[in-house]
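1. structure, please.
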Amino acid sequence: MRKIKKILFLVFLVFIAVNLIGCQNDNNEDNLPYTVTFVDYEGNVIKEINCGGVSQCEITNPGDLEDVGDRYFTRWSIWESQWDEISEDTVIKPVYTLDNKLVTIFGRSIYFYSFFIMTGIFVALGIGLKETQRIGLKKDDLLDGFLWIVPIAILGARLWYVAFELDQFTGGGFFPSLLRIIGFSSGTLDFSSFGLSGLAIHGAFVVAIICAYIYTRKRKIDILKMLDIVAVGFIIAQAFGRWGNFFNQEAHGGIVGGAIGGTVNLSIEQQFNFLRNSIHIPEFIVNNMYITRGLHSTAVEPFTGYYHPTFFYESMLNLVGFAIMLVLRRYKKIYFGELLSFYLIWYGGVRIFIETMRTDPLVFEIFGLTLKSAIVTSVIMILAGIGLSIFIRLTRKGMDYSTAERPWF
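-> Numbering: from 1, shown residues only. Presented below is the predicted three-dimensional model:
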């Protein structure tokens, strides 16, 4: 027993000695010289502060940096409130927003906005082609429909947006107004200003449904089978398309933490920490949600700070809806057409939730009331989805997914 006590006592002494040595080393390290370096976007040194033999060094801000192309400076990689904690060689880098251009070729830029919309469309097509034969349709029928319905649906999305934002496009006469509507923002045939930066998904969906009805009647195809494919494609295409809004810093929610009486409730650092650390939004997304006051208009961005990434919330919810639809089509008691019903109900609910946070909704007035068009349309979608499911259940006995082949995924 005495031997064990001696061993334990020796272990205790060694433990104390090691910790004392460690403390002594820490004190020495605190007094070692170190350098704090500020660099610009290219990594060039713009300011260097040598802290020699002091435990706390006075670090001063070198000032905000200039924009780099379409990127603008948001903050330093280490918050100013944390500079007093620096005690070793540290490089402080600038954090910029993201460039909304994917690539520039011969002076003509391709934007992420159009890239993600087209990616979503072609992903939807690929999934649809996989699904057609499984439910008794021909791939050629889907391809032919795709080639003429998609362009018209995009036109429908544009016209839906224009109808609620007409003041943005009119002025200077008929032809300048027409040119703005079709995408020439300058009102002239200047292709450098061409781009459909205003689209409304509800317009695309309504036009696609009408076109699908006409097309399936002409081809003598079961419209509900076709619309199930359209619904699955739409929700995954929307999930992709919202990332184009992210790069454009649009379709966002309000300032994080809100504001009272024209004053924000949280500091810039607190806004960032809420998005990054409280609800765990990836940092590259948070960085691009720093938006300067009035970037699009002071009504949309009344403050400079971090805004809620509603595009991200909607994209993730659309992916969840897409996953549910992939599961539902395996369930043999689901009728053809009920995937469309699910889409109408799911997306209608998602969009109502998102629109309560958006700062740039499309609105209209009726009977003295100002209503958000997306919310009104979404309510109609939900009611239509419920009604369609009831109608299918009552009139299409035996027309369910038990007759379909095994799912490819």
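2. need the next SSE after the helix or strand harbouring Ile235, C-terminal direction.
-> Using DSSP states H and E, Ile235 sits in helix 223-248. Counting by DSSP H and E, the next helix or strand C-terminal to helix 223-248 is strand 259-260.
3. what are the pairing partners of that following strand, and which direction each?
-> strand 263-264 (antiparallel) (DSSP bridges).
4. ok now the strand it pairs with, how far from the chain's centre?
-> The chain centroid and the centroid of strand 263-264 are separated by 25 Å under CA atoms, centre = their mean, to the nearest Å.
5. do stretch 201-209 as well
-> 20 Å.
6. identify the residues contacting that stretch?
-> If you take CB atoms under 8 Å, 6 or more residues apart in numbering as the criterion, stretch 201-209 is touched by 149, 152-161, 227, 230, 234, 238, 241, 373-374, 377. Heads up, the C-betas are built off the backbone N, CA and C, glycines and all.
7. which of those fall within helices?
-> Mapping the contacts of stretch 201-209 onto helices (DSSP state H) picks out 149, 152-161, 227, 230, 234, 238, 241, 373-374, 377.
8. buried ones among these?
-> 149, 153-161, 227, 230, 234, 238, 241, 373-374, 377 (16 or more other CB atoms under 10 Å).
9. which other helices and strands does the helix holding Ile235 contact?
-> strand 108-111, helix 112-132, helix 139-164, helix 201-219, helix 283-288, helix 310-328, helix 338-355 (3 or more CB pairs under 8 Å, 6 or more residues apart in numbering; DSSP states H and E).
10. any idea which helix or strand comes after the third one?
-> Looking back up the chat, that one is helix 139-164. Next along from helix 139-164, by DSSP H and E: helix 174-181.
11. so that next one versus helix 139-164, what angle?
-> 120 degrees (axes from the mean of the first three to the mean of the last three CA atoms, to 10 degrees).
12. number of residues surrounding the nearest residue to Thr310 once chain neighbours are set aside?
-> Using CB to CB, 6 or more residues apart in numbering and skipping residues adjacent in sequence, the residue nearest Thr310 is Gly253, 4.2 Å away. Look at Gly253: counted by other CB atoms under 10 Å, it has 20 neighbours.
13. for Asp222, same thing?
-> If we define neighbours as other CB under 10 Å, then Asp222 has 16 of them.
14. got the phi/psi numbers for it?
-> Reported as degrees, to the nearest 10, the phi and psi values for Asp222 are phi -60, psi 110.
15. that one and Asp144, how far apart?
-> Distance of Asp222 to Asp144, given as CB to CB, to the nearest Å: 16 Å.
16. same deal with Ala374?
-> 31 Å.
17. remind me what the strand or helix carrying Ile392 packs against, helices and strands.
-> For Ile392, the host element (DSSP H and E) is helix 373-395. Packed against helix 373-395 by the contact rule (3+ CB pairs under 8 Å, 6+ apart) you find helix 201-219, helix 338-355.
18. weakest of these in terms of mean pLDDT?
-> Here the lowest mean pLDDT among these goes to helix 201-219, at a mean of 92.
19. and the angle from that helix to helix 112-132?
-> Angle of helix 201-219 versus helix 112-132, following the same axes, to 10 degrees, is 30 degrees.
20. mind starting the numbering at 2 from now?
-> In the new count, where the first residue is 2, that last one comes out as helix 202-220.
21. now do the contacts for Gln272.
-> By CB under 8 Å, 6+ apart, the residues touching Gln272 are 256-258, 265, 306-307.
22. and if you look at Phe165?
-> Phe165 sits next to 201, 363-365, 374 when contact means CB under 8 Å, 6+ apart.
23. thinking again about what came up before, correct me, but the residue nearest to Thr311 touches Arg359?
-> Yes - here Gly254 reaches Arg359: they are 6.1 Å apart, a contact under CB atoms under 8 Å.
24. quickly list what's touching both of the two.
-> Taking CB under 8 Å, 6+ apart as the contact rule, Gly254 and Arg359 both touch Thr311.
25. for Ile60, phi and psi?
-> Main-chain torsions, Ile60, degrees, to the nearest 10: phi -110, psi 120.
26. just give the number of residues close to it.
-> 18.
27. for it, what are its contacts?
-> Contact analysis of Ile60 by CB under 8 Å, 6+ apart lists 37, 50, 84-85, 87.
28. run the last query once more with 7 Å
-> Ile60 makes contact with 37, 50, 84, 87, according to CB atoms under 7 Å, 6 or more residues apart in numbering.
29. ditto for Arg294
-> Counting by CB under 7 Å, 6+ apart, Arg294 touches 302-305.
30. hmm, which two among these are most spread apart?
-> Pro303 and Thr305 (9.3 Å; CB to CB).
31. correct me, but Gly173 touches Ser187?
-> No - counting by CB atoms under 7 Å, Gly173 does not reach Ser187; the two are 10.3 Å apart.
32. please look at Tyr97 and Asp65 and confirm they touch.
-> No - the pair Tyr97 / Asp65 is not scored as a contact, 11.2 Å apart, by CB under 7 Å.
33. Cys58 - how many residues pack around it?
-> Using other CB under 10 Å, Cys58 has 18 neighbouring residues.
34. contacts only, for the closest residue to Gly258 other than its chain neighbours.
-> Nearest non-adjacent residue to Gly258, counting by CB to CB, 6+ apart: Leu267, 3.4 Å away. Contacts for Leu267 (CB under 7 Å, 6+ apart) come out as 257-258, 275.
35. so what's the residue nearest to Gln134 when sequence neighbours are not counted up against?
-> Excluding the flanking residues, the one nearest Gln134 by CB to CB, 6+ apart is Lys140, at 6.8 Å. Taking CB under 7 Å, 6+ apart, we find Lys140 in contact with 130, 133-134.
36. among these, which one sits closest to Leu318?
-> Out of the contacts of Lys140, the member with the shortest distance to Leu318 (by CB to CB) is Leu130, at 25.6 Å.
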